[in-house]
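> Pasting a predicted model and its sequence here:
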Amino acid sequence: MKQILQIKDEVNQIVELINDSNYLVVFTGAGISTESGLADFRGADGIWTRRDKGLPPKKGKHFDEVEPNKAHIAIKELQDMGIMKFLISQNVDNLHLESGIKPELISELHGNYTLMKCLECDERYSRTEIQWDRELHGRGFRTEPQVVSQPSCKKCEGRIISSVVNFKDPMPEKEMKLSKHHTEKCDLMLVIGSSLSVQPASNFPRRAKKNGAKIVIINIDITSQDDTADLKSVNKAGELLPSVIEKLKEVK
Ligand code: APR
């Protein structure tokens with residue numbers, strides 16, 4: 001009983017913060033996709049958590065086998081209601097775009113597994129439009145040797161690589177610039193499903209807080225910035241967010 005009352009109370013507090021805000025930015029991590037069937041990295045059963053215990057990743061689904069879940073849909077509703085001004089995501093699973101988030105309203109800081117890009121002019125291509133065949137051309141990571149038959153950029157003949165950012169790769173300039181711009185403007189940031197372990201991504205909630213924004217963290221576990229959050233909700237994103245949307249529609 002206490003749990004239900006607590007969720008209700010947290011939903012009311014989050015709705016109040018949203019209604020008092022003028023510039024909501026949402027920040028997501030791998031935890032928002034676990035209810036779609038994808039593993040996260042540092043959660044209880046995450047890929048790195050299991051690796052550090054000498055265990056193989058849990059048998060999960062692949063990116064092209066999963067769909068957006070209720071949490072993704074709720075964020076899309078925040079977009080459609082004109083409440084969410086921008087979305088910063090660390091996820092490469094394409095689920096935010098698949099849920100209907102407008103490309104101009106999201107920065108995928110670590111890239112997107114369906115997207116390739118030109119190393120010279122930054123032109124973006126889907127795998128299909130550039131006819132990238134993983135069997136023939138490999139994964140296209142920047143750190144891997146270029147394969148002769150790999151397609152090159154249609155605009156400048158430059159080298160095409162995967163947009164996915166691996167550790168030690170430089171961060172994508174355009175996405176970082178946009179995320180910084182909207183973080184500076186935000187007065188409320190919903191931080192959903194991220195352990196906030198990886199920089200520079202995890203600097204965005206910190207910078208928002210420093211600029212006086214309110215921070216709400218939604219996570220089933222602890223994060224590195226819980227102590228500075230204005231509200232911490234220990235709930236599954238896919239369970240909490242639909243109730244936030246429902247309440248917002250009630251009070252609108
Ligand atoms: N609802 C809310 N929180 C959840 C849920 C859920 N259903 N499922 C998992 N979580 C939480 C976990 O408790 C964890 O704290 O989501 C968080 C996911 O954290 P990470 O696995 O560290 O993922 P993320 O923060 O996105 O990692 C950042 O690290 O390995 C790199 O490039 C990778 O983009 C990734 C980056």
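Done, it's in.
> Go through the lengthiest helix in the chain and flag the buried ones.
Criterion DSSP state H: the longest helix present in the chain is helix 2-20. The neighbour-count check on helix 2-20 (16 or more other Cβ atoms under 10 Å) flags 7, 10-11, 14-15, 17-18 as buried. (Glycine included, C-beta is placed from N, CA and C.)
> out of these, which one sits closest to Q90?
Nearest to Q90 among the buried residues of helix 2-20, counting by Cβ to Cβ, is I14 at 21.2 Å.
> what about the closest one, distance to the ligand?
Noted for I14: a distance of 14 Å to the ligand, by Cβ to the nearest ligand atom, to the nearest Å.
> so what's the residue nearest to that residue when sequence neighbours are not counted up against?
Excluding the flanking residues, the one nearest I14 by Cβ to Cβ, 6 or more residues apart in numbering is V244, at 5.3 Å. Counting by Cβ atoms under 8 Å, 6 or more residues apart in numbering, V244 touches 11, 14-15, 18, 74.
> same thing with S194?
Counted by Cβ under 8 Å, 6+ apart, S194 has contacts 27-31, 90, 201-202, 219, 223.
> Could I get those in TSV, plus columns for secondary structure and neighbour count?
Output for the contacts of S194, formatted as TSV (DSSP: H, G, I helix; E, B strand; the rest coil; neighbours: other Cβ atoms under 10 Å):
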residue	secondary structure	neighbour count
F27	strand	28
T28	strand	25
G29	coil	27
A30	helix	23
G31	helix	26
Q90	coil	23
A201	coil	22
S202	coil	20
N219	coil	25
T223	coil	22
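> Now the two most distant members of those.
Going by Cβ to Cβ, the pair spanning those furthest: A201 and N219, at 14.8 Å.
> What does the pLDDT read for the closest residue to K61 other than its chain neighbours?
In space, and not counting its chain neighbours, K61 is closest to G37: 4.2 Å by Cβ to Cβ, 6+ apart. Note for G37: predicted pLDDT of 96.
> and G37, what does it touch?
Contacts for G37 (Cβ under 8 Å, 6+ apart) come out as 60-61, 65-66.
> quick check, nearest of those residues to the ligand?
G60 (12.3 Å; Cβ to the nearest ligand atom).
> To what extent is the closest one buried, counted in neighbours?
15 (other Cβ atoms under 10 Å).
> can you confirm it is in a strand?
No: checked against DSSP: H, G, I helix; E, B strand; the rest coil, G60 lies outside a strand; its state is coil.
> before we move on, back to that, looking at the contacts of V244, spot the one nearest K249.
V15 (10.0 Å).
> how about the nearest residue to the residue in the chain positioned nearest to the ligand, chain neighbours excluded?
In the chain, the residue that lies nearest the ligand is G31 (2.0 Å; Cβ to the nearest ligand atom). Leaving aside its sequence neighbours, G31 sits nearest to G193 (Cβ to Cβ, 6+ apart; 2.6 Å).
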